[in-house]
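Trainee: Model the following, please.
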Amino acid sequence: MGSPFLLAAVSLLSALHMGYLARRVGLSRMAHKVLPPDTTGPAQFERTFRAHQNCVEFYPLFLVTLWTCGVFFSEVPAAAGGLAYMIARQIYFNGYVKSTKKRIPGFYLTLVVLFTLFLLGLTGVVRGLLHQYFHIYI
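Mentor: Numbering: from 1, shown residues only. Take a look at the predicted model:
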């Protein structure tokens, strides 16, 4: 494998995306006059805050599966999955801000992308373990 430029680019783009979502929380704070460290207020603010927190909670899972898939399986599908993940999280975030029920499509899409990255990464790791330690080539 060469240098993982695509994985790095997707990771940096995802960091910008997380910053954008954090900014949306800040704007919601200002619009609804909810001062830090308060996390409660009007329902619109609370949904925005929770949507961002849920994205933060999933972010480590995303980065681990992205890089494992990219390093041990293939960088191009991993990078494509990373872009799909960001789209899924944006759909999730926008839906959640409107209504808790509207978050569901983005949530399911997120799970599909994470599960795919996980399976591809696991396939690459198992293939590498079989090759490295058991001299089995598949």
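Trainee: So which elements touch whichever strand or helix holds residue 9?
Mentor: Per DSSP states H and E, residue 9 falls inside helix 5-32. Contact partners of helix 5-32 among helices and strands, from 3 or more C-beta pairs under 8 Å, 6 or more residues apart in numbering; DSSP states H and E: helix 43-72, helix 75-98. All C-beta atoms are positioned from the backbone trio N, CA, C, and that covers glycine.
Trainee: Would you pull up how far the helix or strand following the shortest one lies from the middle of the chain?
Mentor: Downstream of helix 75-98, the first helix or strand assigned by DSSP H and E is helix 104-134. On the basis of C-alpha atoms, centre = their mean, to the nearest Å, helix 104-134 sits 14 Å off its chain's mean C-alpha point.
Trainee: what's the answer for stretch 73-88, then?
Mentor: 10 Å.
Trainee: swap in stretch 125-135?
Mentor: 28 Å.
Trainee: And that stretch, what's buried?
Mentor: Neighbour counts over stretch 125-135 (16 or more other C-beta atoms under 10 Å) mark no residue as buried.
Trainee: Poorly predicted segments of the protein, please.
Mentor: 1 (pLDDT under 70).
Trainee: quick one, what contacts residue 78?
Mentor: The contact partners of residue 78, by C-beta atoms under 8 Å, 6 or more residues apart in numbering, come to 6-7, 10, 66-67, 69-70, 117, 120-121.
Trainee: nearest to residue 17, of those residues?
Mentor: residue 10 (10.0 Å; C-beta to C-beta).
Trainee: Surely the closest one touches residue 82?
Mentor: Yes - shown here, residue 10 and residue 82 form a contact pair, counting by C-beta atoms under 8 Å, at 3.7 Å.
Trainee: list residues touching both of the two?
Mentor: Going by C-beta under 8 Å, 6+ apart, residues that sit against residue 10 and also against residue 82 are residue 66.
Trainee: what about residue 3, helix or strand, and which?
Mentor: Under the criterion DSSP H and E, no helix or strand holds residue 3.
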